[in-house]
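K.L.:
Model the structure of this input:
(chains A, B, C and D)
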There are 2 protein chains.
Amino acid sequence: MGTSYCASSQQPQATACNGSGMSKSNNVYKDAYNRCLRLLDETRSLPSEPELGTLLGVSRTTVRTILARMEETGLIAWNKRAKTVLREPRPDDFFPEEETDTLAEIIERSFMRRLLAGGAEAGMQINELELAREIGVGTTSVREFLIRFSRFGLIEKRRNSHWVLKGFTRAFALELTEIREMFELRSAAAFAALPQDSAVWTDLDRLEDEHRLLASEIATRFNEFSELDERLHRLIHRASHNRFIVDFYDVIAMIFHYHYQWNKAQERERNEVAIGEHLAYISALKSRDLGKVDAACRKHLKSARQTLLTSIPESRPPLKP
Amino acid sequence: MGTSYCASSQQPQATACNGSGMSKSNNVYKDAYNRCLRLLDETRSLPSEPELGTLLGVSRTTVRTILARMEETGLIAWNKRAKTVLREPRPDDFFPEEETDTLAEIIERSFMRRLLAGGAEAGMQINELELAREIGVGTTSVREFLIRFSRFGLIEKRRNSHWVLKGFTRAFALELTEIREMFELRSAAAFAALPQDSAVWTDLDRLEDEHRLLASEIATRFNEFSELDERLHRLIHRASHNRFIVDFYDVIAMIFHYHYQWNKAQERERNEVAIGEHLAYISALKSRDLGKVDAACRKHLKSARQTLLTSIPESRPPLKP
DNA sequence: AAACTGTTTTTTCACGATAAAAGACATTAT
DNA sequence: ATAATGTCTTTTATCGTGAAAAAACAGTTT
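P.N.:
Sure, this is the predicted structure:
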């Protein structure tokens, strides 16, 4: 049987949450508070509570907690409707970044770090309890994370027993890209067939501009490409009007996200090439010529697959028991 | 805002688990015990504990619990290695069927019953707490179920808030079948290209025989088709050697499973037609002629889609807030 | 009357605790 | 020496609980 996944853990992992039996972190509040601070720079007085709620994407309850604290720290004067800004926020008004993360994000990062840090052979067991202890969170959160994560195809559950790591292998990358290519070719064709007055064309124009801008400043901003990449591909996938295709992009995005972090070799060159391919792809879409779209899409996908594959070390065969 | 999904619940739902604060049901033991009883008919003495474990798919701990009870009820004499059968199991030796179900199964059934029982409009909210109370289980189990269930594309989560029902609509069926057709055409082509000595060909022969047998007894056994259907399609999908394609069949299987239960109209006729299509599909695969395979596959998938679509009532447009 | 604020109730999220089940270790029988 | 049994430990599955956050309700202000 495979060795345990976490057994060989390095440093005694700083626990993510303060050790004591705390029930739920208030990261929603802290994150919204920080974002609200940035709003303070721009105005002399804040809008109504419901309006702030929609602006920040939180409930009014959280808005009021934010306002209460801002009043306490002398940032604003708050009396019913009047929320007057008293002073500019200072750096130490902000909550530390790491306190604004979701538990799910913390667990995912922790998990992926181990996965990519090597030594994570296919076939290894994943131990919920051990993972939970090492990250410093409850088992329930880890379980829920693993269930959500399982759709990425990297882990698998044994009934009433442990999870098994399937490994970030060459086979995985090939299976992933096979589906990606199937879906994206279809989406791109659907995109090109969209009526001229569809809103996507202006979105595409905007993305094209951003690509050109990035291309011109590639020397300094090359690491901003991955975000642009995701936006373009998501726009195209959405044209399929198929939830399974759209949702599958989550798998791709996740893999590429960590892949970008992992493999920095020739990042600048790779991204430069990809921007060029994107621009060709975009102009093919704008031409609405299905043949051109197909060709440009294929070309880009092929090089994307190549990039992914070269970053995966040739996998050793799984251990025999 | 949509109305709550469970608000309009009918009968005060008999609680699935005994009311009191019990932690975990021993359904694994009960189910394995029942299956072990059936084994008793065939032999005069039981094999070793580890062997029984693999046979029943449970740990030795559970095996020993089973043996202890069998000794207690006078079914066997148990002394170390000697496990002699003393009498045949009687009907009342078995645990009741409903006590052998997984919590996940109980929740899924309960949830799907409501979903299909009508009155479940798209846009409705799903309330974890209410669902948990009505089924008579903890919130954690419901949460985990919903997370797992979300990959079927029928529900969606609002961050830090409720789930939203997307509804079993025509659009859903079309999106599902679009992917299914893409995946199955590809898998079928891969299947036909498999080498002659692959084990799948004997599996296919066996399935063909079972289809013929079922066809000849269709008048009485028509409801056994759905199981055969799933086995054939899963065999074909597996030829893709792509985990995402193989896993996607879970979505299809789930939908068709409940669809079969829901829509009994012309069941016999539908299944008779489908068996015919399957036999044609199988012989096309055996011919290994890609053109024929493609045609037979398309034909069957088209009628499968038709069947699914006709069972879905024309959806009203979602309520505006 | 519409939109806002103040207050109360519900629901979600996350934890620790506990029984069921799995797994590991020690011992004994073939 | 191998493979079983007997015993002990660890892990998983599930619940109840309580704080964070959302949502509902009630009362004000414009």
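K.L.:
for the helix or strand of chain A with the lowest mean pLDDT, the distance to its chain's centre please.
P.N.:
When each helix and strand of chain A is scored by mean pLDDT, DSSP states H and E, helix A:218-221 comes last, with a mean of 90. Helix A:218-221 sits 22 Å away from the centroid of its parent chain (CA atoms, centre = their mean, to the nearest Å).
K.L.:
How about residues contacting it?
P.N.:
If you take CB atoms under 8 Å, 6 or more residues apart in numbering or on different chains as the criterion, helix A:218-221 is touched by A:214, A:268, A:271-272, A:275. Where C-beta positions appear, they are placed from N, C-alpha and C, glycine not excepted.
K.L.:
swap the cut-off to 10 Å and go again
P.N.:
A:213-215, A:224-225, A:228, A:268-269, A:271-272, A:275 (CB atoms under 10 Å, 6 or more residues apart in numbering or on different chains).
K.L.:
Tally up the residues packed near whichever residue of chain A sits closest to DNA strand C, please.
P.N.:
Of the residues in chain A, the one nearest DNA strand C is A:Gly138, at a distance of 2.7 Å by CB to the nearest atom of the strand. A:Gly138 has 15 neighbours, counted by other CB atoms under 10 Å in any protein chain shown.
K.L.:
any idea how far it lies from B:Thr140?
P.N.:
Per CB to CB, to the nearest Å, A:Gly138 is found 11 Å from B:Thr140.
K.L.:
list residues touching both of those two?
P.N.:
Joint contacts of A:Gly138 and B:Thr140 (CB under 10 Å, 6+ apart) are A:Glu144.
K.L.:
circling back to that earlier point, ok, which pair from the contacts of helix A:218-221 is furthest apart?
P.N.:
A:Leu213 and A:Glu269 (19.0 Å; CB to CB).
K.L.:
export whatever helix or strand A:Thr84 lives in as PDB, just CAs?
P.N.:
Per DSSP states H and E, A:Thr84 falls inside strand A:82-85. The C-alpha coordinates for strand A:82-85 follow below in PDB (Å, rounded to 0.1, in the frame of the first residue of the first chain):
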ATOM      1  CA  ALA A  82     -24.500  60.700   7.800                       C
ATOM      2  CA  LYS A  83     -21.200  58.800   7.400                       C
ATOM      3  CA  THR A  84     -18.600  61.500   7.000                       C
ATOM      4  CA  VAL A  85     -15.000  60.700   6.300                       C
END
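K.L.:
buried stuff in that strand?
P.N.:
In terms of neighbour count (16 or more other CB atoms under 10 Å in any protein chain shown), strand A:82-85 has its buried residues at A:83, A:85.
K.L.:
quick one on the thing from earlier: what residues of the least confident helix or strand of chain A count as buried?
P.N.:
Quick answer for helix A:218-221 (16+ other CB under 10 Å): A:Ile218.
K.L.:
For it, list the C-alpha coordinates in CSV.
P.N.:
Output of helix A:218-221 as CSV, limited to C-alpha atoms (Å, rounded to 0.1, in the frame of the first residue of the first chain):
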residue,chain,number,x,y,z
ILE,A,218,5.9,42.7,-22.0
ALA,A,219,9.4,43.3,-20.5
THR,A,220,8.0,44.5,-17.2
ARG,A,221,4.4,43.1,-17.0
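K.L.:
Do you have the strands of the stretch 1-150 of chain A handy? List them.
P.N.:
Counting by DSSP state E, counting those that start in this stretch, the stretch 1-150 of chain A has strands at residues A:76-79, A:82-85, A:125-126.
K.L.:
So for DNA strand D, which of those strands sits nearest?
P.N.:
Nearest of those (CB to the nearest atom of the strand): strand A:125-126, 6.8 Å.
K.L.:
Return the list of helices and strands in contact with that closest one.
P.N.:
helix A:103-116, helix A:139-149, strand A:155-157, strand A:163-165 (3 or more CB pairs under 10 Å, 6 or more residues apart in numbering or on different chains; DSSP states H and E).
K.L.:
Save the ones you listed as TSV, and put in mean neighbour count and mean pLDDT too.
P.N.:
Compiled in TSV, the helices and strands packed on strand A:125-126 are given as follows (neighbours: other CB atoms under 10 Å in any protein chain shown; pLDDT from 0 to 100):
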stretch	mean neighbour count	mean pLDDT
helix A:103-116	18	94
helix A:139-149	19	98
strand A:155-157	16	98
strand A:163-165	20	98
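K.L.:
Rebuild those as CSV, extending it with distance to A:Arg64.
P.N.:
Listed next are the helices and strands packed on strand A:125-126 as CSV, based on distance: least, CB to CB, whole Å:
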stretch, distance to A:Arg64
helix A:103-116, 24
helix A:139-149, 27
strand A:155-157, 41
strand A:163-165, 41
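K.L.:
How about the residue of chain A closest to DNA strand C: what's its closest non-neighbour residue?
P.N.:
Nearest residue to A:Gly138, sequence neighbours excluded (CB to CB, 6 or more residues apart in numbering or on different chains): A:Ala132, at 6.2 Å.
K.L.:
For that neighbour, which residues are in contact?
P.N.:
Counting by CB under 10 Å, 6+ apart, A:Ala132 has contacts A:6, A:107, A:138-143, A:145.
K.L.:
Same question for A:Phe256.
P.N.:
A:Phe256 neighbours (CB under 10 Å, 6+ apart): A:176, A:180, A:226, A:229-230, A:233, A:249, A:304, A:307-308.
K.L.:
gap between the strand holding A:Thr84 and the chain center?
P.N.:
The answer for strand A:82-85 is 36 Å, by CA atoms, centre = their mean.
K.L.:
For DNA strand D, tell me whether it is touching it.
P.N.:
No - Strand A:82-85 stays clear of DNA strand D (CB under 7 Å from any atom of the strand), getting no nearer than 8.4 Å.
K.L.:
Show me what that strand packs onto, helices and strands only.
P.N.:
helix A:60-72, strand A:76-79.
K.L.:
Tabulate those (CSV), appending mean neighbour count, mean pLDDT and distance to A:Lys30.
P.N.:
As requested, the helices and strands packed on strand A:82-85 are exported to CSV (neighbours: other CB atoms under 10 Å in any protein chain shown; pLDDT from 0 to 100; distance: least, CB to CB, whole Å):
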stretch, mean neighbour count, mean pLDDT, distance to A:Lys30
helix A:60-72, 17, 98, 9
strand A:76-79, 15, 97, 17
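K.L.:
I'd like those written out as JSON lines, with distance to DNA strand C added.
P.N.:
Listed next are the helices and strands packed on strand A:82-85 as JSON lines, based on distance: least, CB to the nearest atom of the strand, whole Å:
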{"stretch": "helix A:60-72", "distance to DNA strand C": "6"}
{"stretch": "strand A:76-79", "distance to DNA strand C": "7"}
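K.L.:
closest one to B:Thr43 among these?
P.N.:
Closest to B:Thr43 of those is helix A:60-72 (CB to CB; 64.8 Å).
K.L.:
ok, A:Val85 - contacts?
P.N.:
A:Val85 touches A:39-46, A:70, A:75-77, counting by CB under 10 Å, 6+ apart.
K.L.:
Understood, closing this out.
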